[in-house]
Structure formats: structure tokens, C-alpha cells
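Novice: Next one to model:
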Amino acid sequence: MVKSHPHNHHTHSHPKLRGRNLLVSILLNIVITVAQVIGGLVSGSLSLLSDALHNFSDVLSLIVSFFANRLAKKEASIQRTFGFKRAEIMAAFINASTLIVVAVFLVIEAIERLQSPKEITTQTVIILSSVAILGNGLSVLLLKKDSKVNMNMRSAYLHLITDMMASIAVLLGGLLMKFYQVFWIDSVLTFIIAIYLIVVGYDLLKSSFKILMLFTPENIAVKEIVDVVNSLPEVKSIHHVHVWQLNEEETHLEAHIDFNKDIHVSRFGEILHLVEDVLQDKFGINHITLQPEYNKNDSKDIIVQD
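Specialist: Residues are numbered from 1 along each chain as shown. Below is the predicted model:
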């Protein structure tokens, strides 16, 4: 079995900057969380406490993301031949899970509070939600660029941007309660924030789960790969195909490739380079392992249960 790696691999973008930005965001969110917990208890605002709880989940998620980012840069070894390249995918999965758990807790609390609304000290809610908007807004700006190219950073970014939106909702709720005394709005806003968290969290959870389970990437059609490779010179069939993502930068393919005749190893090397060029250009697959065969009596199905 011959493994080949095309030279145009993707690379991590701004790793030092990414780690520093995460650290700044962690410190900002710790300050915001402490302030909101105290303010929520003093004011009696569930939406402010829910925002604090979400901020606390942000702190945890950012810490997980920070260490995952550092682990992902560690080199491979004999004991860990892939290194820690999946650390950031694991972090994204954990962060998405916590986002959903927090949201479910908020839904329960909001429903209970709706049944018995309480008067709330609105001035504290307005001040602290404004502080949270500024702090989370700065964190969002720090992580925005890296969130476009990295799932781990995207999970942290989603935590922060949803919390900023939640803080905006809490601020609006505080203003409504101050001027119109509609205290039930506190629970309604909490419920809306929670539902939104579930929606964005589920999407990220699903994406990271598919990578962890070695599912074929959604943008890759295995049958199309088979048709393309089978059309190459001297190739009889490609079968026993596996396609998966190690992380967001590496997409792997391994397969058996059957030839029409007993070719030389040097000729197989030429065909291998041709295959990797085609699969890189058409499908973005950048790690290819092929097992050459001729007249081998094995299953020729595209997918074979190992």
C-alpha cells in the first residue's frame, strides 16, 4: 500500500495570534461572568443570570479551545502518529454540547419564572448587559477572522456572538422593564435566547460529530471519485474506498486499485501521482493511500465492510 501526500496542504492560519486572542477573550469573559452573577443575584433578573451562565460556558469553551489549539500544534510521535490534530474537533464537539445543555437549562428556568414573574432591579440589568455587549463584541472581533477557517475557533466564536446577542436582548428587556414594568419580558427573552443557542449549537455539534465518526464529507461524492479514477489509463477499478476528514485541513482517501495488467512499480508511481493530482483538484483530497492489485480475488464493491 502506497501513501502519498500532495504538496499543497492547507496550513493553520496565525497560530500565535489565535492563541493570544483566545487568552484575551477568556480574561474578558471571566470579568463579565463574575459581574453578571453578582448583578443577577442582586437585581433578581433571570435573563441576566442566564446571560452570566452562558458567559461561564463561554469561559469553559474558550479554555477548551485554547488548550486544543496548543495541542493541535504538537508534533506526531511513535505513540501518536497523527499527533493531536483532532484536538480542535473534539473541542468544537464539547463546546457545542455545553451550548445545548446550557440552553435546555435556561428553557426550564424561563418556563418556571413565567409562571411567577418577579420584580427586577432594572438599573443593574441595563448597566451590566451594556458591559457584556462591549466585552463580547471585542472578543467577537478578535476571533472573527480565524472562525472562518477553523472549526474550533468557529465554536468559540459562536459562543461569543450568541452571548453578545443575548446581552443585547437583556439590555432591551431591561429598558422595557424600566419604562413599562413588563417584568415577564425577562423570562420571554431568556426563552428566546435558549432556543437560538440550541439551533446554532446543534449545527456545530452535527458537523464535529460527523468528522469524529469518520463520515464521508458532505461535499465529496464517492461514486464520482470512482468514475473519475476508473477512467484513468490502465485502471480496471477502484474499490474498498474510505474517505474521511482527520480535521478541517486534511481529507484522506484510502482504497484498493485494480489494474488491467501486471504493471511495474514505477508505472504505479506515475499513476498514483496522476490520481492524487486529479483528486486534489476536483475534490480537495490531500492525503491518498492506494493498495495496488492485479487479479486479486477480493470484493470489488465500492464500499466494503471491514
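
Novice: Contacts only, for the one residue sitting closest to the centre of the chain.
Specialist: Nearest residue to the geometric centre of the chain (CA atoms, centre = their mean): residue 151, 3.5 Å. Residues near residue 151 by CB atoms under 8 Å, 6 or more residues apart in numbering: 88, 89, 92, 204, 207, 208, 211, 247, 248. Bear in mind the C-beta positions are built from the backbone N, C-alpha and C, glycine included.

Novice: Now for those residues: which two are most distant?
Specialist: Largest separation among the contacts of residue 151 by CB to CB: 204 and 247, giving 14.8 Å.

Novice: and the lengthiest strand in the chain, what does it pack onto?
Specialist: Under DSSP state E, the strand in the chain containing the largest number of residues is strand 235-245. Strand 235-245 is packed against helix 222-230, strand 251-259, with contacts defined by 3 or more CB pairs under 8 Å, 6 or more residues apart in numbering; DSSP states H and E.

Novice: Just the CA atoms from that strand would do, formatted as PDB, please.
Specialist: What follows is strand 235-245, C-alpha atoms only, in PDB (Å, rounded to 0.1, in the frame of the first residue of the first chain):
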ATOM      1  CA  VAL A 235      -7.100   1.300 -14.100                       C
ATOM      2  CA  LYS A 236      -9.600  -1.500 -14.100                       C
ATOM      3  CA  SER A 237     -11.400  -0.400 -10.900                       C
ATOM      4  CA  ILE A 238     -11.000   1.400  -7.700                       C
ATOM      5  CA  HIS A 239     -12.900  -0.200  -4.800                       C
ATOM      6  CA  HIS A 240     -12.900  -0.700  -1.000                       C
ATOM      7  CA  VAL A 241     -13.000   3.100  -0.700                       C
ATOM      8  CA  HIS A 242     -12.800   5.100   2.600                       C
ATOM      9  CA  VAL A 243     -13.000   8.900   2.600                       C
ATOM     10  CA  TRP A 244     -12.800  10.900   5.800                       C
ATOM     11  CA  GLN A 245     -11.600  14.100   7.400                       C
END
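
Novice: what about residue 55, distance to residue 39?
Specialist: Residue 55 is 12 Å from residue 39, where distance means CB to CB, to the nearest Å.

Novice: what do you get for residue 261?
Specialist: Distance from residue 261 to residue 39, by CB to CB: 77 Å.

Novice: so where's this structure uncertain?
Specialist: Scanning the chain for pLDDT under 70 picks out 1-18.

Novice: Recalculate using a threshold of 50.
Specialist: For the chain, the stretches with pLDDT under 50 are 7-14.

Novice: Tell me how far the nearest residue to residue 69 once chain neighbours are set aside lies from residue 248.
Specialist: Leaving aside its chain neighbours, residue 69 sits nearest to residue 19 (5.6 Å; criterion: CB to CB, 6 or more residues apart in numbering). Relative to residue 248, residue 19 is positioned 17 Å away (CB to CB).

Novice: hmm, back to that, my guess is the residue nearest to residue 69 contacts residue 72, does it?
Specialist: No. Residue 19 is beyond contact range of residue 72, at 10.5 Å (criterion: CB atoms under 8 Å).
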